[in-house]
Structure formats: C-alpha cells, structure tokens
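Peer 1: My questions concern the predicted model and sequence given below.
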Amino acid sequence: AQKVTQAQTEISVVEKEDVTLDCVYETRDTTYYLFWYKQPPSGELVFLIRRNSFDEQNEISGRYSWNFQKSTSSFNFTITASQVVDSAVYFCALSEAYTNAGKSTFGDGTTLTVKP
Amino acid sequence: DVKVTQSSRYLVKRTGEKVFLECVQDMDHENMFWYRQDPGLGLRLIYFSYDVKMKEKGDIPEGYSVSREKKERFSLILESASTNQTSMYLCASSSPPQGAFYGYTFGSGTRLTVV
C-alpha cells in the first residue's frame, strides 16, 4: 500500500522567511510520480510540480524549489522569501505509474500561514 | 482554459435524501476521480473511473455510488445521505499515466452539509 506523510500539520512564518514543507512517502513500486498541490482559501487545488521516480534532479521555479531524495523517500518543498499570498494548504501526493488509472494517494496536508 | 466543473459549490441536504454531485471535464481525459476532504484526514479516494461505464472503488466507497455514462461526466451519488457524509467533495481528472501524465486537474469542490 502507498502512503504519504506530511508531519507538519501547521506552519506559521513571517513574510520573507524561508519555509520548508516536508513530505515522506512509502511505495513498493519502482516507477511512480510525486506531486505537490496548493489549495488556497478559495478551495480549488492547483498543481505545482510533478516528479517521476527516475528523475532526482532538484527543481527551482521562482521562489519555489523541490528536493527529491529517493534514498530517504522524501520530496520536500521550499518557499524562499515567503509572501502572504503563499498562505494555503499544501498537499504532497504519490501516484502509481501504470496501474489503477494513476490514482493518487495524498498526505494530510500542511497549512501554511504567512503573516505580514 | 481547461476546466473541471462541479455543478454546485454549496449544497444542503436532509438525512435520507438521495444526492447527486455532478462533475464535468472538457479536457477529453480518460480518468476521473472523486475524493472527499475532511480536516485532519487529507483527501480520501471514494471512487474512480478509467473509461466510460468503468468504475473502481477507492478507499472509502461505502455509502456512495458513481455513474459515468459519458466520457466528460462523472457523477457521485449518495444513496441515502447521512450526517457523517457532510464534507468537501472534490472531483479530478487526468490523462492516462502511460501518456503525458501531469497529475490531476481539480474542480473547485462541493461543500455538502447533511442536516
């Protein structure tokens, strides 16, 4: 069975601080996908990034960066110089690659509050 | 802009009613999913479908059924609504993982209250 653990339930930072959201996953598959989604107060989950299990390169997109380490089964997400607009619930997810329609297992989410 | 549309943003129903939640996508995606979101429990998969008329149970199918008569529409049915089904319901769609798999596109959610 697949499992995603986001140990941080809530994080609160002051604007311009850096913040890292942790994600640890479990799977027996050798081929899988990892994702991060953002859910702002409006409610709609928005896709941020995906990684497949063969691509361990870290990625940077503006103030966002992701660190994927298969050795520790982690896929952590860092926001640099946080802004109030980053306040949201962030979900990490794991998808089977070729079975069950690629269904995703989600972590419980981390609520990030960025204070001005 | 590609979209997943859920018919209602907020819904209030009485215990015992039959409830239909509708979801339509315009991306020609094969796969569609229904999740419910509850505080502290994350997103839990109720049902999913990988083709017209095909459906599979997710992790918490009890008390729910689904219908997919057309590729673009996936309906979630609460046969006899109960108060423990009060929740946020999220519909999502995706292309097959064998192709370009960019994860889910989500609808904006339906917040259902059963009284």
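Peer 2: Now that the structure is in, tell me what you want to look at. Keep in mind the model is a prediction, meaning the values are calculated, not measured.

Peer 1: Show me where the chain dips below the pLDDT cut-off.
Peer 2: Because you didn't say which chain, this covers chain A. A:100 (pLDDT under 70).

Peer 1: was after chain B, sorry
Peer 2: Within chain B, the segments meeting pLDDT under 70 span B:1-2, B:96-101.

Peer 1: can you map out the strands along it?
Peer 2: Remark: strands assigned in chain B by DSSP state E are B:4-6, B:10-13, B:19-21, B:23-25, B:31-38, B:42-51, B:54-57, B:64-70, B:73-78, B:87-94, B:105-106, B:110-114.

Peer 1: same check, this time on chain A
Peer 2: A:3-5, A:10-14, A:19-21, A:24-26, A:32-39, A:46-52, A:59-61, A:64-69, A:74-79, A:88-96, A:104-106, A:110-115.

Peer 1: Out of these, the one nearest B:L41 is which?
Peer 2: B:L41 lies closest, by C-beta to C-beta, to one member of the strands of chain A: strand A:104-106, at 9.8 Å. (C-beta placed from N, C-alpha, C; glycine too.)

Peer 1: Any residue of the closest one touching chain B?
Peer 2: Yes. Using C-beta under 8 Å from any C-beta of the partner chain, strand A:104-106 comes into contact with chain B via A:104-106.

Peer 1: Can you redo those as JSON lines, where the extra columns are distance to B:Q37 and neighbour count?
Peer 2: Shown next, in JSON lines, are the residues of strand A:104-106 next to chain B (distance: C-beta to C-beta, whole Å; neighbours: other C-beta atoms under 10 Å in any protein chain shown):
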{"residue": "A:S104", "distance to B:Q37": "13", "neighbour count": "27"}
{"residue": "A:T105", "distance to B:Q37": "14", "neighbour count": "22"}
{"residue": "A:F106", "distance to B:Q37": "9", "neighbour count": "23"}
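
Peer 1: So which residue is smack in the middle of chain B?
Peer 2: By C-alpha atoms, centre = their mean, chain B has its centre lying nearest to B:W34, at 2.7 Å.

Peer 1: how close does it get to B:L112?
Peer 2: 12 Å (C-beta to C-beta, to the nearest Å).

Peer 1: Find the residues that touch each one of the two.
Peer 2: Both B:W34 and B:L112 are in contact with B:21, B:89, where contact means C-beta atoms under 8 Å, 6 or more residues apart in numbering or on different chains.

Peer 1: I'm done for today, thanks for sticking with me.
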